[in-house]
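**Q** Make a model of this:
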Amino acid sequence: MVSSCGQNSTGCIEGRSDGVVLIESVASIIITIVCFFGNLLVCACVYRDKYLRTVPNLFIVNLAITNILLSVTVWPFWTVALTTGKWSSTQAACDFQGFQNHCLMTSLTLTIAALGLNRYIMLVYPFHYRILFKRKNAYKVLVVQWFLSIFWAFLRFAHMGGYEFIPEIGLCSSRAKKLVSAFDVTVLILLNILTLFCYYKVFTTIRKHISSVLPQGTNTPWPPATGPKAYYYEEVNFTKTSMLIFFAYGLSWLPLILFALLSLAGVELPRNVLLTSWFLIALSCATHPVINIASNKLFRKGFYQVLCSCGFDYEANITTRLDGAAAPVAEAG
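**A** Numbers count the residues shown, from 1 in each chain. Predicted coordinates for the structure are as follows:
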């Protein structure tokens, strides 16, 4: 099926069969709905449960808010374009969607990096953690990352050519020159390398710590039920969740980075390849709540409470550790 472009449209997605249109439209609708309601549940869980209102979870909530904004201000335009085969709205709407897309994707990247740095300092330099990552300082980090995200998106709009509809991906994106695009890709790669380094150091630190508290041939229970080691275990457990979020993010962005490098080198890529990379990014935004449910017992309990509108009682406020012992929810990870 070939879509016909109207006089008021700025682009047209050509050469798609009815089956392809249906698949792209349904997939984008499902991802948008799951992304919105899933991340809204993450925010609701933290709002309802005071034990989830920790400094690390500030970054989790910020990720959720960013994903909600994407599902409200970016993905709907994307869905309409994939369904109708063209950009039917105004140039102002295109500028708005392009600005939001660039701003929120930058915020997503910076928040993932900040979360990795938080875990690095917590587990590698724990004595500095309470000083560097006080709640007030965490808020400052979030304010700075939002300022940088908004500033860079506005700079593109005001001085780097604005935004235009790209039929290959169904989104409005920057008309920036190659030098600016190369800068974007370079910063993105460096941030991901920095975050990967943080998690590598965290992983090696955790391995050394577990080896030291579990000498070979002893019957020391793990995870510990109480005491400082139990607190350390809960931090490790949250770190595993943040690692999963980072790797889901990294795997989804890797194709887009590779395709961007090929594009800068002058290689033309087919539409289905480019669009798949954007579907992977959108899918990673939708899987953020799923990762929290699957890997974090306290978030999982919070999800059930929000969905079922259950009250708090003693049984609902305890969790079971891996060794079978019940622990207060305040200690749960």
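
**Q** Check what pLDDT residue 122 gets.
**A** pLDDT, residue 122: 87.

**Q** I meant residue 179, not that one.
**A** In this model, residue 179 is scored at 70, pLDDT.

**Q** So it versus residue 300, what's the distance?
**A** Remark: distance between residue 179 and residue 300 (CB to CB, to the nearest Å) = 46 Å. All C-beta atoms are positioned from the backbone trio N, CA, C, and that covers glycine.

**Q** who's in contact with the closest residue to residue 261 other than its chain neighbours?
**A** Leaving aside its sequence neighbours, residue 261 sits nearest to residue 185 (CB to CB, 6 or more residues apart in numbering; 6.4 Å). By CB atoms under 8 Å, 6 or more residues apart in numbering, residue 185 lies in contact with 257, 260-261, 264.

**Q** Looking at the residues you listed, state which has the most neighbours.
**A** Among these, the one with the most neighbours (other CB atoms under 10 Å) is residue 260, at 20 neighbours.

**Q** so where do the strands sit in this protein?
**A** 163-166, 171-174, 318-320, 326-328 (DSSP state E).

**Q** How about residue 99: what's its closest non-neighbour residue?
**A** Once flanking residues are discounted, residue 99 sits nearest to residue 153: 5.0 Å by CB to CB, 6+ apart.

**Q** Just the pLDDT for that neighbour.
**A** Model confidence at residue 153 (pLDDT) stands at 88.

**Q** Start at 2, not 1
**A** Right, with 2 as the first residue, what we last looked at is residue 154.

**Q** quick one, what contacts it?
**A** Taking CB under 8 Å, 6+ apart, we find residue 154 in contact with 100-101, 103-104, 107.

**Q** again, but for residue 304
**A** 42, 46, 290, 294.

**Q** Roughly how far does the residue lying closest to residue 249 once chain neighbours are set aside sit from residue 60?
**A** Nearest non-adjacent residue to residue 249, counting by CB to CB, 6+ apart: residue 285, 5.1 Å away. To residue 60, residue 285 is 16 Å away according to CB to CB.

**Q** which of the two has more neighbours?
**A** For residue 285 versus residue 60, the count of surrounding residues by other CB under 10 Å is larger for residue 60: 25 against 22.

**Q** what about the nearest residue to residue 37 once chain neighbours are set aside, neighbour count?
**A** Counting by CB to CB, 6+ apart, residue 37 lies nearest to residue 72, which is 4.0 Å off, once chain neighbours are set aside. Residue 72: 23 surrounding residues under other CB under 10 Å.

**Q** ok, residue 72 - contacts?
**A** For residue 72, the contact set (CB under 8 Å, 6+ apart) comprises 33-34, 36-37, 40, 286.

**Q** I'd like to know which of these are buried.
**A** By neighbour count, with 16 or more other CB atoms under 10 Å, the contacts of residue 72 hold 33, 36-37, 40, 286 as buried.

**Q** Pipe these into JSON lines and attach distance to residue 128 and pLDDT per row.
**A** Formatted as JSON lines, those follow (distance: CB to CB, whole Å; pLDDT from 0 to 100):
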{"residue": "33", "distance to residue 128": "44", "pLDDT": "96"}
{"residue": "36", "distance to residue 128": "38", "pLDDT": "95"}
{"residue": "37", "distance to residue 128": "41", "pLDDT": "96"}
{"residue": "40", "distance to residue 128": "34", "pLDDT": "95"}
{"residue": "286", "distance to residue 128": "35", "pLDDT": "92"}
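
**Q** Quick check: the farthest pair among those?
**A** 33 and 40 (11.3 Å; CB to CB).

**Q** List the contacts of the residue nearest to residue 249.
**A** Taking CB under 8 Å, 6+ apart, we find residue 285 in contact with 249-250, 252-254.

**Q** Give me the ChimeraX select line for the residues you listed, limited to the buried ones.
**A** Filtering the contacts of residue 285 down to the buried ones (16+ other CB under 10 Å) takes a single ChimeraX command:
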select :249,250,253,254
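
**Q** ok, residue 49 to residue 299 distance?
**A** Distance of residue 49 to residue 299, given as CB to CB: 11 Å.

**Q** Sorry, slip of the keys, the one I care about is residue 168.
**A** Taken as CB to CB, the span from residue 168 to residue 299 is 44 Å.

**Q** For the two, indicate the residue with more neighbours.
**A** Counting neighbours by other CB under 10 Å for residue 168 and for residue 299 shows that residue 299 has the greater number, 23 against 19.

**Q** per-residue confidence at the more buried one?
**A** Looking at residue 299, the pLDDT reads 81.

**Q** what do you get for residue 223?
**A** pLDDT for residue 223: 46.

**Q** residues contacting the closest residue in space to residue 110 that isn't next to it in sequence?
**A** Take residue 110 and drop its neighbours on the chain: the residue closest to it by CB to CB, 6+ apart is residue 192, 5.7 Å away. Neighbour list for residue 192: 110-111, 113-114 [criterion: CB under 8 Å, 6+ apart].
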